[in-house]
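>>> with the input below, show me the fold.
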Amino acid sequence: MVNPVVGGGPKKVLYTLNTVRRIGLTKAAKALRARNACKACGLGMGGQMGGMTNEIGEFPSICNKSVQAQSTDIQPAIPDEIFAHSLAELDELSAREIEQLGRLANPIFKAEDSGKFEIVSWDFALTRMTERLKETEPDRSFFYSSGRSSNEAGFLFQLLARAYGTNNVTNCSYYCHQATSVAMESTIGTGTATVELSDLKKSDLVFVIGANPSSNHPRFIHLLKSVRDRGGHVIIINPAREPGLVKFAVPKSPKSMIKGGDEIASLYLQPRIGTDVTLLKGIAKSVVEQGLMNREFIDQYTENSDDFLSDLAGISWPEIEDDCGVPKAELAEVARLCGDAEAAVFSWGMGMTHHVHGVENIEYISNLALLCGMIGRPGAGLLPLRGHSNVQGIGTIGVKPVLAQEIVAQIEAKMGVKFPDRKGLDTLATIEAAASGDIDAAVIMGGNLFAATPNSKCAAKAMENIGFKMFLTTTLNKGHLAGARGGETLILPVTARDEEWQPTTQESMFNFVRMSDGGIKRHDNVRPEVAILAELGQRLLPDCPINFAAFGSHNRIREAIAETIPGMEELKSIAIAKTEFHVRNRILHSPVFRTATGKARFAVHPTLPKAKQSGNWPFTLATIRSEGQFNSIIYEEKDSYRQTSTRWCVLMNPSDIDALDLGDGDKVTLESEQGEMRGLTVYPFDVPTGNVMAYYPEANILTSNRVDPRSKTPSFKSIAVKISREN
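Take a look at the predicted model:
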């Protein structure tokens, strides 16, 4: 259908080497070898075992995402002359060009009646932020954090916000894996991975569902290759046939490089976008029909199995095949492999969570694992693929709108403070409140909230409506310019992870807490997030019982976390013992479930989710990330794996291209109910007919504010669109 492409390989090695040369070999080596957790994906590289070592001691554990992230941190300062340009001129730059202006090395401020930023002193910045927050009714503000920050900064961040008087405390997980947390809590009583990294060394079957780790978690591909090397199987379930998941040349394996790559996928299923529940029901139905379900496990450790099995019996094979587009024979083969496996790990990404039925998707992954008895044993379990290095930790230590009552009680008792009772707003709800004029101030720590938000028109309006926006960041991005013409904008330069003045901690997607030493100095006028937040707390809340001056010490913050957050007790001594650890009571190597009944529960949803396609909107769009980006950060305009040379494009099945009388490289308009993208280049790609893909965050102009009702995760995937030729 299209030219075969192999993931990894010499091109990626050369890209990494060129990036290292650009930032300087000495600087790159110092950064990569330092004992700091990688700031890219949540897989868990770095920490006290060394910057290129994973949490089970394997060396070298590094990928081009690590190098890309370091290349951003090691940049020189943005020249002062840049800030002589107007906001309008800066906004003409692409996302990639803005990121590569350099490091933000001084506080900058944009007054309400000004059209440009000016460099200001720290004293001005601290005074101004204190004044504006004092003027604001707390519930007309929100506090948002990305997954880049440390546990220490995150804990102090949410503590400051709640002491200030608002529970509008949220993070980027509401745009990625909140559906995972809700679904796993409902089925097995825990919201995070049930496996540790070493379990993947014991498994003989790994599912990768709705994810593209060849681009987004390259180190994970090494684990998949090792499964195949042991004679095990890797099952990929993804509407798009991603080249790096078919075959990958592993850079650290000379044999893999010489022979042109290793087969990754044993089986590759391509359901239509948004039909995952149907497909998973089909696999489960076949497991039952082939007599492969683990009846002993089901009877002893689960509940609601009768209703689940009854629902499977009631759905017909023609209905399954017609809906998901995958033949019964392929589903039966997956069922056979699943039923025959000794230990299976089920991993998934945002291709599963980014739907209005995202929670149901994950519940049915859990259902399939329970049906085969694959939760609660070594080498088997559930593994959400987290996309940021500490997004899980940020949630663990309380950066979320609703805290468990036991945690609230612990903090209030130990610190003599009373938190507000009102339920906080989730991430999209804060944006919608701002768009409606109900938010006057926002404190945004890291990330790019604007670019991460669906429905770009609404997001732009929201940012413009906020009278005072304060950002803590290492570099500038489009989110700092969005809405800057409205109200005041204050942007503060913070230390990168390896520049922190005190050690910090992060949590991997395997529930493993690592410690980062920090200590590298690159810029004279940047400050740690904790130092800024502690100073703000002292100025903003001078009569508060919380001693914000004392919380300038990371050791003191870790003591508070250990005393109030269940499972984090070992954090108290991590700086002394240098002993990294797994969060207590999360890894499930025995079938002990933390539900009300002590049993895992099968979820049942008889009604299949339906796509919103119609005659007016005949295609279903999924937004995707490229090989050359990390989250909303764009490192390369081209995508070497999908062979696109521009991000302003649409990927389509060749038969759909022919049916519309289009050709490879033609220009089209892609339109949804929310907006349109003009001048997109057409590229053929192996996706089901009727399905198309476009790059995130550019395609957010087409996405809506529709959310999963249970997790509030937006639907970045199943978007109904139409395509028209441009003359």
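>>> which residue is nearest the centroid of the protein?
Gly387 (3.5 Å; Cα atoms, centre = their mean).
>>> dump the lengthiest strand in the chain to PDB, restricted to CA.
Ranked by number of residues, the top strand in the chain under DSSP state E is strand 676-684. The C-alpha trace of strand 676-684 is given here as PDB (Å, rounded to 0.1, in the frame of the first residue of the first chain):
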ATOM      1  CA  GLU A 676     -11.700  23.700   9.600                       C
ATOM      2  CA  MET A 677      -8.100  23.200   8.400                       C
ATOM      3  CA  ARG A 678      -7.300  24.500   4.900                       C
ATOM      4  CA  GLY A 679      -4.400  23.600   2.700                       C
ATOM      5  CA  LEU A 680      -3.700  20.200   4.100                       C
ATOM      6  CA  THR A 681      -1.500  17.900   2.100                       C
ATOM      7  CA  VAL A 682      -2.900  14.400   1.400                       C
ATOM      8  CA  TYR A 683      -0.800  11.400   2.300                       C
ATOM      9  CA  PRO A 684      -1.700   7.800   1.700                       C
END
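>>> just the buried residues of stretch 86-94, please?
Counting neighbours by 16 or more other Cβ atoms under 10 Å, one finds that the buried residues in stretch 86-94 are Leu87, Leu90, Leu93. Every C-beta, even on glycine, is put in place using the N, C-alpha and C of the backbone.
>>> who's in contact with the second one?
Contacts of Leu90 were listed using Cβ atoms under 8 Å, 6 or more residues apart in numbering, and they are Ile82, Ile98, Leu481.
>>> which secondary structure elements does the longest strand of the chain contact?
strand 649-652, helix 654-659, strand 667-671 (3 or more Cβ pairs under 8 Å, 6 or more residues apart in numbering; DSSP states H and E).
>>> reformat the ones you listed as JSON lines; add distance to Pro318 and mean pLDDT.
JSON lines is the format used below for the helices and strands packed on strand 676-684 (distance: least, Cβ to Cβ, whole Å; pLDDT from 0 to 100):
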{"stretch": "strand 649-652", "distance to Pro318": "27", "mean pLDDT": "98"}
{"stretch": "helix 654-659", "distance to Pro318": "23", "mean pLDDT": "97"}
{"stretch": "strand 667-671", "distance to Pro318": "32", "mean pLDDT": "98"}
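>>> the stretch 351-500 of the chain: helices as residue ranges?
For the stretch 351-500 of the chain, the helices defined by DSSP state H, counting those that start in this stretch occupy 358-371, 391-396, 405-415, 427-435, 449-452, 456-465, 478-481.
>>> closest one to Arg228 among the ones you listed?
With distances scored as Cβ to Cβ, the stretch of those nearest to Arg228 is helix 358-371 (20.8 Å).
>>> give me the beta-bridge partners of the spatially closest residue to Ile574 that is not a sequence neighbour?
In space, and not counting its chain neighbours, Ile574 is closest to Met515: 5.3 Å by Cβ to Cβ, 6 or more residues apart in numbering. Listed by DSSP bridges, the beta-bridge partners for Met515 are Thr505.
>>> okay, Met515: pLDDT?
Note on Met515: pLDDT of 97.
>>> what's near enough to touch it?
Arg35, Gly47, Gln48, Pro503, Thr504, Thr505, Ile574, Ala575, Lys578, Glu580.
>>> now, which of those sits nearest Gly376?
Closest to Gly376 out of those is Glu580 (24.3 Å), distances taken as Cβ to Cβ.
>>> quick one: the helices in the stretch 501-650 of the chain, in order.
Using DSSP H, counting those that start in this stretch, helices in the stretch 501-650 of the chain cover 529-540, 554-564, 574-577.
>>> between the ones you listed, which gets nearest to Leu279?
It is, among the helices of the stretch 501-650 of the chain and with distance given as Cβ to Cβ, helix 554-564, at 40.5 Å.
>>> which other residues reach the closest one?
Taking Cβ under 8 Å, 6+ apart as the rule, helix 554-564 contacts 151-152, 155-156, 397, 407, 410-411, 414-415, 502-505, 530, 550-551, 568-572, 574-575.
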